[in-house]
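[1] take a look and give me a structure for this.
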Amino acid sequence: MLKFLMFMLFLIPMCYMYNIWWIMQSFLFLLLFMFMFMFSYYYCWSGISYLFGCDYISFGLILLSLWICILMILASESIFRYKFFSSFFLMIVLLLLIMLYCTFSSMNLFSFYLFFESSLIPTLFLILGWGYQPERLQSGIYLLFYTLLASLPMLVCIMYMYYYWGLTNFILLDIVLNCNIMLYLGMILAFLVKMPMFMVHLWLPKAHVEAPVSGSMILAGVLLKLGGYGLLRVYIMLISLGVKLNYFWVSISLVGGVLVSLICMRQTDLKSLIAYSSVAHMGIVIGGLMTLFYWGFCSSYTLMIAHGLCSSGLFCLANISYERLGSRSLLINKGLMNFMPSMAMWWFLLSSCNMAAPPSLNLLGEIGLLNSLISWSWLTMLTLILLSFFSAAYTLYLFSYSQHGVIYSGIYSCSLGYTREFMLLFLHWFPLNLLILDSEIVMLWM
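    Okay, here's the model as predicted:
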């Protein structure tokens with residue numbers, strides 16, 4: 001594990017070399033393929049070196065982090081073209097990648113907490129440094145305070161566990177049998193805010209709307225998955241109390257998902273709509289996880305990977321039209337099919353993945369989660385029916401309002417789309433539909 005970490009650390013000084021932008025991307029591709037082929041994943045921890053190791057759960061998420069960071073560089077070409085602190089931007093992306101890599105490969109709770117919180121700093125730099133409006137300061141503060149305030153109880157709980165049981169290692173967490181309610185809430189709260197759960201989700205739309213395309217991609221693609229990953233890791237501790245309290249989280253998540261879907265239906269901002277749709281999707285993930293069923297455990301992981309690729313691609317599409325029209329409003333982004341017909345196909349493909357149409361990975365994840373939730377209680381069927389319907393409805397609303405209709409009269413001329421942009425969208429869509437052919441990697445069959 002350390003060899004990959006050293007590779008990334010030694011890329012940092014290279015950021016300041018002349019014309020390094022595309023070479024850096026090539027190096028990250030090389031790292032991705034090395035990690036994919038040199039590492040054989042097992043059900044248990046392997047490749048252990050000091051604090052770090054890798055198992056079935058972390059393997060897919062490390063790959064996702066590497067993939068999204070490569071695509072961030074591809075999407076942010078305007079930073080390179082206008083020489084807008086491009087070397088510093090590359091350094092921030094690399095630092096974020098290192099933090100994520102260390103978070104997903106940490107083997108004990110202390111190092112996990114350290115890197116979990118450290119990933120906030122480069123994200124904050126991305127939003128404050130390359131965001132669009134002055135309101136980015138407010139959204140940065142929202143992001144920081146929501147996450148930090150929620151994760152303070154988690155630190156206290158980790159120290160409590162170390163003091164009483166002398167353990168922080170993930171492998172030994174099943175020893176913690178007499179888990180009290182304060183420990184349960186403290187451990188779980190940080191992850192629920194990070195995912196985010198309905199009622200603690202206000203930071204997400206704000207952060208997405210103000211972030212540059214790279215910030216939105218990494219936020220939707222990987223940083224939301226940190227919460228789900230944390231829940232999967234401390235899952236074994238939650239079982240004793242979770243059986244009694246899970247109805248509370250499941251009901252909040254599912255009812256919240258329906259309400260957020262209704263909020264999506266009245267958004268006029270492209271990015272805001274996609275951000276709220278992330279909250280709805282993560283609601284199903286939390287619901288499935290909290291049932292404490294095997295199907296929920298496996299499928300929540302699948303949906304996290306699928307959502308990471310899908311929503312990241314949708315943010316790229318929103319940015320492509322924003323770069324041409326200078327607005328994210330659906331009142332101006334209309335009739336795009338008339339002057340960007342090739343891009344309309346990508347809008348359709350990624351929108352269909354977002355509404356969990358076959359053969360996307362989203363469908364596989366949602367079927368498993370529906371199975372898990374309905375097995376847990378028949379009453380969840382009502383919210384799941386509404387959630388599935390409104391999910392398709394707001395995605396259709398996004399697609400039809402942006403692609404159909406009369407073209408905005410203020411547009412003079414613009415590019416149909418560059419090869420770089422089509423490549424970027426293809427690299428989001430292709431793994432999303434290819435992984436369903438070999439779903440063992442993302443399904444956690446244990």
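
[2] chain center to the helix or strand hosting Leu226, what's the gap?
    Here Leu226 sits within helix 224-264, counting by DSSP states H and E. From the chain centre to the centre of helix 224-264 is a distance of 16 Å (Cα atoms, centre = their mean, to the nearest Å).

[3] what angle do the helix or strand just after that helix and helix 224-264 make?
    Next along the chain after helix 224-264, taking DSSP H and E as the criterion, comes helix 270-290. With axes from the mean of the first three to the mean of the last three Cα atoms, to 10 degrees defining the directions, helix 270-290 sits at 120 degrees from helix 224-264.

[4] buried residues in the helix or strand containing Leu396, which are they?
    Assigned by DSSP H and E, Leu396 falls within helix 380-403. Along helix 380-403, the positions that meet the burial threshold by neighbour count (16 or more other Cβ atoms under 10 Å) are 380, 383-384, 386-388, 390-392, 394-395, 397-399, 401-403. Bear in mind the C-beta positions are built from the backbone N, C-alpha and C, glycine included.

[5] with stretch 310-329 instead?
    310-322, 324-325, 328.

[6] contacting residues around stretch 245-264?
    For stretch 245-264, contacts defined as Cβ atoms under 8 Å, 6 or more residues apart in numbering pick out 181, 184, 192, 197-199, 201, 273, 276-277, 279-281, 283-284, 286-287, 290-292, 373, 376-377, 380, 383-384, 386-387, 390-391, 393-394, 397.

[7] hmm, back to that, and the helix holding Leu226, what's its mean pLDDT?
    Across helix 224-264, the average pLDDT comes to 93.

[8] that older thread, which parts of the helix or strand following the helix holding Leu396 are buried?
    Downstream of helix 380-403, the first helix or strand assigned by DSSP H and E is helix 419-434. By neighbour count on 16+ other Cβ under 10 Å, the buried set for helix 419-434 is Glu421, Leu424, Leu425, Leu427, His428, Trp429, Pro431, Leu432, Asn433.

[9] so which residue is dead centre in this structure?
    With distances taken as Cα atoms, centre = their mean, Gly221 lies nearest the centre of the chain, 3.0 Å away.

[10] follow-up on the earlier one: from the buried residues of helix 419-434, which two are the most distant?
    Spatially, the most separated pair among the buried residues of helix 419-434 is Glu421 and Asn433, at 18.9 Å (Cβ to Cβ).

[11] residue contacts, the residue nearest to the centre of the chain?
    Leu64, Ile68, Gly308, Leu309, Ser311, Ser312.

[12] which other helices and strands contact the strand or helix carrying the first one?
    Under the criterion of DSSP H and E, Leu64 resides in helix 56-75. When contacts are defined as 3 or more Cβ pairs under 8 Å, 6 or more residues apart in numbering; DSSP states H and E, helix 56-75 packs onto helix 21-38, helix 86-105, helix 213-218, helix 224-264, helix 294-325, helix 419-434, helix 440-443.

[13] confidence-wise, which of the ones you listed is weakest overall?
    helix 440-443 (a mean of 85).

[14] now what about that helix, what contacts it?
    Residues outside helix 440-443 that contact it (Cβ under 8 Å, 6+ apart): 41, 59-60, 298-299, 301-302, 305-306, 361, 364, 368, 435.

[15] for that helix, which positions count as buried?
    Val442, Met443.

[16] next one: stretch 176-184
    Val176, Cys179, Leu183, Tyr184.

[17] need these in TSV with pLDDT, can you?
    Shown next, in TSV, are the buried residues of stretch 176-184 (pLDDT from 0 to 100):
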residue	pLDDT
Val176	71
Cys179	78
Leu183	90
Tyr184	91
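
[18] CSV for these, including secondary structure and distance to Ser119?
    Output for these, formatted as CSV (DSSP: H, G, I helix; E, B strand; the rest coil; distance: Cβ to Cβ, whole Å):
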residue, secondary structure, distance to Ser119
Val176, coil, 26
Cys179, coil, 27
Leu183, helix, 24
Tyr184, helix, 24
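
[19] quick revisit: among the contacts of Gly221, which pair sits farthest apart?
    Top of the distance list for the contacts of Gly221 (Cβ to Cβ): Leu64 and Ser311, 12.1 Å.

[20] how many other residues sit next to Trp22?
    12 (other Cβ atoms under 10 Å).

[21] with the one 4 residues further on instead?
    Residue crowding around Ser26 was assessed by other Cβ under 10 Å; the count is 11.

[22] contacting residues around it?
    By Cβ under 8 Å, 6+ apart, the contact list for Ser26 is empty.

[23] what distance do you get for it to Tyr101?
    Distance check for Ser26 against Tyr101: by Cβ to Cβ, to the nearest Å, it reads 18 Å.

[24] one step back: adding distance to Gly53, write the helices and strands packed on helix 56-75 out as CSV.
    Converted to CSV, those look like this (distance: least, Cβ to Cβ, whole Å):
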stretch, distance to Gly53
helix 21-38, 14
helix 86-105, 6
helix 213-218, 24
helix 224-264, 12
helix 294-325, 18
helix 419-434, 25
helix 440-443, 18
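
[25] Ser118 is nearest to which of these?
    If you check each of the helices and strands packed on helix 56-75 against Ser118 by Cβ to Cβ, helix 86-105 wins as the nearest, at 4.8 Å.

[26] export the closest one to CSV, keeping only CA atoms.
    Provided in CSV are the C-alpha atoms of helix 86-105 (Å, rounded to 0.1, in the frame of the first residue of the first chain):
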residue,chain,number,x,y,z
SER,A,86,-3.0,25.6,-12.7
SER,A,87,0.0,24.2,-10.9
PHE,A,88,-1.5,24.9,-7.5
PHE,A,89,-4.8,23.3,-8.7
LEU,A,90,-2.9,20.1,-9.6
MET,A,91,-1.3,20.1,-6.2
ILE,A,92,-4.7,20.4,-4.5
VAL,A,93,-6.1,17.6,-6.5
LEU,A,94,-3.2,15.4,-5.7
LEU,A,95,-3.4,16.2,-2.0
LEU,A,96,-7.1,15.4,-2.0
LEU,A,97,-6.4,12.1,-3.7
ILE,A,98,-3.7,11.2,-1.1
MET,A,99,-6.1,12.0,1.7
LEU,A,100,-8.9,9.9,0.1
TYR,A,101,-6.4,7.0,-0.5
CYS,A,102,-5.3,7.1,3.1
THR,A,103,-8.9,7.3,4.4
PHE,A,104,-10.0,4.3,2.4
SER,A,105,-6.9,2.2,3.3
